[in-house]
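# here is a sequence with its predicted model. Questions after.
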Amino acid sequence: MTVQPQQTQFDVAAVMADMGRRARAASEAVRLASAETRSAALSAIAQALRARADSILLANAADVARARANGVTEALIDRLSLTPARIAAMADAVDEVADFPDPLGVETARWTRPNGLDFARVRTALGVLAIIYESRPNVTADAAALCIRSGNVAILRCGSDCLDSALAIHAAVVEGLTAAGLPADAVQLVPTPDRAAVGALMTGLDGCIDLLIPRGGKSLVARVQAEARVPVLSHLEGLNHTYLHAAADLDMARDIAVNAKMRRVSVCGSTETLLVDAEAAGRLLPPVAQALIAAGCELRGDAAAQALVPAMIAAEDADWSTEYLAPILAVRIVDGLDAAIAHIRRYGSGHTEAIVTDDAEAATTFLNAVDSAIVLWNASTQFADGGEFGFGGEIGISTSRLHARGPVGAEQLTSYKYVVRGTGQTRP
C-alpha cells in the first residue's frame, strides 16, 4: 500500500492563487532591499538551519521511512536522505551565497553615443520564480538562498517524497527572512503533494510568475515544457559521457572514470556512458573496468568491450539512452574521436561530457565540437555543480540555450535593463 504524507484538505486552486498574489506583493521589497539586508537574511537562514537540525532530521526520517515503505529505490533514498553532515553542508552553502558578490545593479556594459547619451546595461531581478523539484530536500535551502541573493522571490513545490523535510527546512528559511526584516512571503513552499499544484503553477497564477524552473525527472520537465504558459528554464536529465581518448594516461583515465561514475551515482553530473577509443581499448579498458567493478559498479558493454572484459553484461540499445542514477555504467568502444562525438551527439542530453587525453589538439576538437552545457578536459563530470564553478550553489544545470545555460547560480537568475543618462538630448 502506498503511504502518503499527512495533509490538510483545502482548495488547491485558491491556495495557489493566494500564494501568487503574496509572492508578487513581496517581490518589490526583496528587489529594493540592500545587498547588506539580503546578506543578513541569508546568514540568519544558515544559522536557523543549524539550530533546527534536530527537527529537520526528524522530519527527514519520516520521509525516508515512507519512501522505503513505498518501495523507492536506494538511489532515490540517497537523494532524499539528510544527515547531520549534509545539513551542515546545506547551512555552509547558504553562508557561501551570503558572501557571494551581489549581482543586482552590476553594470555589464557601458558606452557613450556621439550625441552624449550615456548607456549602461545593468543586472536586475527577474521577479517571481516558481521552482518545481522532486526528491532533494536540500534544494529548498539552495533555491531560497539563490533567489534572495539575486533579488527574486520564490514559490517552491517539492516532491511528495520530501515534503516533511522541505517544510522543516522552509521554517528555518522563514525564520531567517523575518529576522532580517524581509517579508516571510519572499520564499513560500507549497504545503501539499497534490499534483494540481503543479498545474496551477504552470498557468502562471494570473500573471504572478515570471519564470518556471522544473528540476526533476524527464517526464516532469517534458510536461512543464509542453503545458506551461510562462517562460521555462529547463533542467533535463544528465545523460553524460566520459571519453577515454587514445592518448589518455592510464592512471588519470582510471581515476576520472571511477570518480565520474561512483563518487555519487544519484547526482545529475554522474557519467552514464564510458566511451573508449578502439586504438587504446586493450591498454585502457581492462584496468579501468577492474577499478569500476571493485568500486561496486555494474558494467554493460558492447561486443568489443565484452571481448576485453568478459565480466561485463551485454549492453542493449536502451542502455545508450538511459540515465541510471545508480551504480551501472554503459561501455562502448568507438573508432576514434569523430565516432565518440557522433555517439554523444546522438544519445547525449546536452548536459555534461568529458574527454581524457594528453593530446591538446584532440581535446580542443572535442571541446569545440561537443555542444553540451558543460564540456571538460581531463576532469570528472561530477564537477557539473554550481558550487564547484564558484557560483555559490545552483538551482540546477540548465540545458536550455536561451537566458542561462549550465549551472544556474545567483547571477544566472537575473536579467538586465538599460539605464540611459542624458543632459537634455531630444531626438531629431
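Looks like it came in fine.
# how far does stretch 365-382 stretch from start to finish?
End-to-end distance for stretch 365-382, by CA to CA, to the nearest Å: 22 Å.
# who touches it?
240-243, 245, 252, 256, 259-260, 263-264, 267, 269-271, 337, 340-341, 344-345, 348, 350-357, 363, 383-384, 397-399, 405-407 (CB atoms under 8 Å, 6 or more residues apart in numbering). From N, CA and C alone the C-beta is placed, and that goes for glycine too.
# list the buried residues in the helix or strand bottoming out on mean pLDDT in the chain.
Ranked by mean pLDDT, DSSP states H and E, the weakest helix or strand in the chain is helix 218-227, scoring a mean of 83. By 16 or more other CB atoms under 10 Å, the buried positions in helix 218-227 come out as L220, V221, R223, V224.
# partner strands of the next helix or strand after it, with direction?
The helix or strand immediately downstream of helix 218-227 is strand 240-244, counting by DSSP states H and E. Using DSSP bridges, strand 240-244 pairs in its sheet with strand 271-277 (parallel), strand 352-356 (parallel).
# quick one: distance of strand 240-244 to the chain centre.
Chain-centre distance of strand 240-244: 20 Å, with CA atoms, centre = their mean, to the nearest Å.
# how about stretch 72-79?
That offset, for stretch 72-79, works out to 17 Å (CA atoms, centre = their mean).
# residues contacting it, please?
V64, A67, R68, L80, S135, R136, D161, R264, V265, S266, L325, A326.
# kindly report the same for stretch 203-211.
By CB under 8 Å, 6+ apart, the list of residues contacting stretch 203-211 from outside reads 16-17, 19-21, 23-24, 126-130, 155, 201, 212, 228-233.
# any of those buried? List them.
With burial judged by 16+ other CB under 10 Å, the buried subset of those is 16-17, 19-20, 23-24, 126-130, 155, 201, 212, 228, 230, 232-233.
# so which of those sit within strands?
Mapping those onto strands (DSSP state E) picks out V128, L129, A130, I155, L212.
# of these, closest to P428?
If you rank these by distance to P428 using CB to CB, V128 comes first, at 40.7 Å.
# for PyMOL, write a command that selects the buried ones of the contacts of stretch 72-79.
Those of the contacts of stretch 72-79 that count as buried under 16+ other CB under 10 Å are selected in PyMOL with:
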select buried, resi 64+67+80+135+136+161+265+266+325+326
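# burial count for A315?
Using other CB atoms under 10 Å, A315 has 21 other residues around it.
# ugh, wrong one, I meant A143
Neighbourhood size, A143 [other CB under 10 Å]: 28.
# number the chain from 17, please
OK, 17 is where the count begins now, so the last one is A159.
# name the SS class of K433, please.
For K433, the secondary-structure state derived from DSSP: H, G, I helix; E, B strand; the rest coil is strand.
# what sits closest to it if chain neighbours are left out?
Using CB to CB, 6 or more residues apart in numbering and skipping the chain neighbours, the partner closest in space to K433 is T140 (5.0 Å).
# state the distance from that neighbour to S50.
T140 sits 15 Å away from S50, going by CB to CB, to the nearest Å.
# I329 too?
Look at I329 and S50: by CB to CB, they are 58 Å apart.
# more neighbours: these two, which one.
More crowded of I329 and S50, by other CB under 10 Å: I329, with 14 against 10.
# is the more buried one in contact with C313, as I believe?
No - in this structure I329 lies outside contact range of C313 using CB atoms under 8 Å: 11.4 Å.
# what does the helix or strand containing A30 contact?
Using DSSP H and E, the element containing A30 is helix 28-48. With contact meaning CB under 8 Å, 6+ apart, helix 28-48 is reached by 54, 120, 140-141, 143-144, 164, 167-171, 198-199, 201-202, 204, 206-208, 210, 212-213, 216-217, 221-222, 224-225.
# would you tell me what the next helix or strand after it is?
The element immediately downstream of helix 28-48 (helix or strand, assigned by DSSP H and E) is helix 51-67.
# what's the helix or strand where I164 lies packed up against?
I164 is part of helix 154-165 when elements are defined by DSSP H and E. With contacts taken as 3 or more CB pairs under 8 Å, 6 or more residues apart in numbering; DSSP states H and E, helix 154-165 sits against helix 51-67, helix 100-115, strand 144-149, strand 169-173, helix 179-195, strand 203-205.
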